[in-house]
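**Student:** Please find the sequence and the predicted model below.
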Amino acid sequence: MLRHVTNLHQVFRRQISSSVRRQLENKVPEKQKIFQEANGRPVHLKGGLGDAVLYRATMGLTLLGTACVIYELVKAAIPQKKA
């Protein structure tokens with residue numbers, strides 16, 4: 001029983017250790033080149049297709065929300081006809 005507890009303790013100690021098993025590649029210089037490139041595109045669209053999709057979805061939702069607000073304001077401003 002004590003041997004199992006000792007083995008478990010060693011396994012947990014290895015999992016929590018601060019040593020790095022594999023190094024991650026530093027992608028910051030590549031991203032800096034992409035975002036600092038003077039290609040005439042706004043910085044919020046330089047990230048690629050994902051940025052363009054998010055931008056267009058945000059603009060679409062903004063326009064939809066604006067249209068809903070204007071509709072409700074017009075509906076509230078015009079008096080309803082009583083039957």
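**Tutor:** Looks like it came in fine. Numbers count the residues shown, from 1 in each chain.
**Student:** hey, let's count contacts and neighbours off CA atoms from now on
**Tutor:** OK.
**Student:** got the residue ranges for the strands in the protein?
**Tutor:** Using DSSP state E, the strands of the chain do not appear at all; there are none.
**Student:** residue ranges for the helices of it, please.
**Tutor:** For the chain, the helices defined by DSSP state H cover 2-16, 28-36, 49-77.
**Student:** Model confidence at G48, what's the number?
**Tutor:** Per-residue confidence at G48 stands at 90 (pLDDT).
**Student:** Next up, phi/psi of it, please.
**Tutor:** With angles defined as degrees, to the nearest 10, G48 sits at phi 120, psi -160.
**Student:** what number of residues lie near it?
**Tutor:** By other CA atoms under 10 Å, the residues close to G48 number 10.
**Student:** one step back: mind putting the helices of the chain in a markdown table, distance to R22 and mean neighbour count included?
**Tutor:** Formatted as a markdown table, the helices of the chain follow (distance: least, CA to CA, whole Å; neighbours: other CA atoms under 10 Å):
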| stretch | distance to R22 | mean neighbour count |
| --- | --- | --- |
| helix 2-16 | 14 | 10 |
| helix 28-36 | 18 | 11 |
| helix 49-77 | 28 | 12 |
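**Student:** so which of those helices gets nearest V43?
**Tutor:** helix 28-36 (6.4 Å; CA to CA).
**Student:** as a whole number, average confidence for the closest one?
**Tutor:** Averaged over helix 28-36, pLDDT sits at 91.
**Student:** Show residues contacting that helix.
**Tutor:** Where contact means CA atoms under 8 Å, 6 or more residues apart in numbering, the residues beyond helix 28-36 that reach it are V43, K46, G47.
**Student:** what about E30, distance to T58?
**Tutor:** Distance, E30 to T58, by CA to CA, to the nearest Å: 27 Å.
**Student:** now P29
**Tutor:** Applying CA to CA to P29 and T58 gives a distance of 29 Å.
**Student:** Over to C68?
**Tutor:** Taken as CA to CA, the span from C68 to T58 is 15 Å.
**Student:** Check Y71 too.
**Tutor:** Taken as CA to CA, the span from Y71 to T58 is 20 Å.
**Student:** G47: neighbour count?
**Tutor:** G47, neighbours per other CA under 10 Å, totals 13.
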